[in-house]
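Enquirer: coords please:
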Amino acid sequence: MALHITDDPAADELLTQNPLALLIGMLLDQQVAMETAFAGPLKIRERVGAVDAPTLASYDPEALEQAFRQTPAVHRYPGSMAKRVQALCAEIESRWGGRAESIWTEGDPDGKEVLKRLKALPGFGDQKARIFLALLGKQYGFQGAGWREAAGDYGDDGSYRSVADITSPESLVKVREFKRAMKAAAKNG
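Expert: The predicted structure is shown next:
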C-alpha cells in the first residue's frame, strides 16, 4: 500500500507510513487545497522534528504555532490549526495511548464503530469522519464489516468524491471536477 495524495513523494511516504500524519492531513483538509493539507504533516515533521502524538500534544503551543506560520505556512489559518492539531494529538495520547491507528484497529472494530470513534475526535465532524473512514477502507487496508455503509456515499466503489478516491494525478482531476460540480449545484440551488 502506498498513498499518492500530494504529488510529493516524501509527503506521500509519510502519510503511508504514519497513521497520525494521515489523520492530521485529514484534519487540515479544510479551506486549503487537498495537496496542501496532506503535505502539512511533512512540514510539521521538518519544523518540529517529529509527527507523533506525545511530541505534538506536549509541544509548547506558541512554538507550535510559529512552526505552522513559517513560510510556506502549514495552513492558511496557522494559529487555529496548530491548536486543533495539538488538541487532536492530546486526545490520541490520552484516549488511544498515542497510537492513531488504534482508532481503527483496537478491538477489531466494524465500520460503524470506527466512524463513531472518528467523530469523537476534536475537529472531526460527520463528513470528515466519513471521508476518512472511506480513505481507510479504500486505500489503507481497513476491512471492518460495514465500512462502506458507514462511510456513506464516500464509500462507493468507483466514485471520485473525496481524498479517499485520489490514487493518481488523473483521479485528483476527477475529484476536483466532482467538487466543482457540487459547489455549482449548491450555488444554483
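
Enquirer: Residue 98 - how many residues pack around it?
Expert: Counted with other Cβ atoms under 10 Å, residues neighbouring residue 98 total 16. Placement of C-beta: from N, CA and C, glycine included.

Enquirer: Please enumerate the strands of this structure.
Expert: In the chain, no strands are defined using DSSP state E.

Enquirer: Which secondary structure element of it has the lowest mean pLDDT?
Expert: Ranked by mean pLDDT, DSSP states H and E, the helix or strand of the chain with the weakest confidence is helix 169-188, at a mean of 89.

Enquirer: Using CSV, write out every CA atom in that one.
Expert: C-alpha atoms of helix 169-188 as CSV (Å, rounded to 0.1, in the frame of the first residue of the first chain):
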residue,chain,number,x,y,z
PRO,A,169,-3.0,12.8,-10.9
GLU,A,170,-5.9,11.7,-13.1
SER,A,171,-8.1,10.8,-10.2
LEU,A,172,-7.2,14.1,-8.5
VAL,A,173,-8.6,15.9,-11.5
LYS,A,174,-11.8,13.8,-11.4
VAL,A,175,-12.3,14.6,-7.6
ARG,A,176,-11.8,18.3,-8.3
GLU,A,177,-14.3,18.2,-11.1
PHE,A,178,-16.8,16.4,-8.8
LYS,A,179,-16.3,19.1,-6.1
ARG,A,180,-16.7,21.9,-8.6
ALA,A,181,-19.9,20.4,-9.9
MET,A,182,-21.2,20.0,-6.3
LYS,A,183,-20.4,23.7,-5.5
ALA,A,184,-22.1,24.8,-8.7
ALA,A,185,-25.2,22.8,-7.9
ALA,A,186,-25.4,24.1,-4.4
LYS,A,187,-24.9,27.7,-5.6
ASN,A,188,-27.6,27.3,-8.2
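
Enquirer: Please identify the buried residues of that helix?
Expert: Neighbour-count burial for helix 169-188, counted by 16 or more other Cβ atoms under 10 Å, picks out 172, 175.

Enquirer: what's near enough to touch residue 144?
Expert: 104, 108, 109, 110, 111, 113, 114, 137 (Cβ atoms under 8 Å, 6 or more residues apart in numbering).

Enquirer: Specify which member of those residues is nearest to residue 17.
Expert: residue 104 (15.8 Å; Cβ to Cβ).

Enquirer: per-residue pLDDT, that closest one?
Expert: Note on residue 104: pLDDT of 98.
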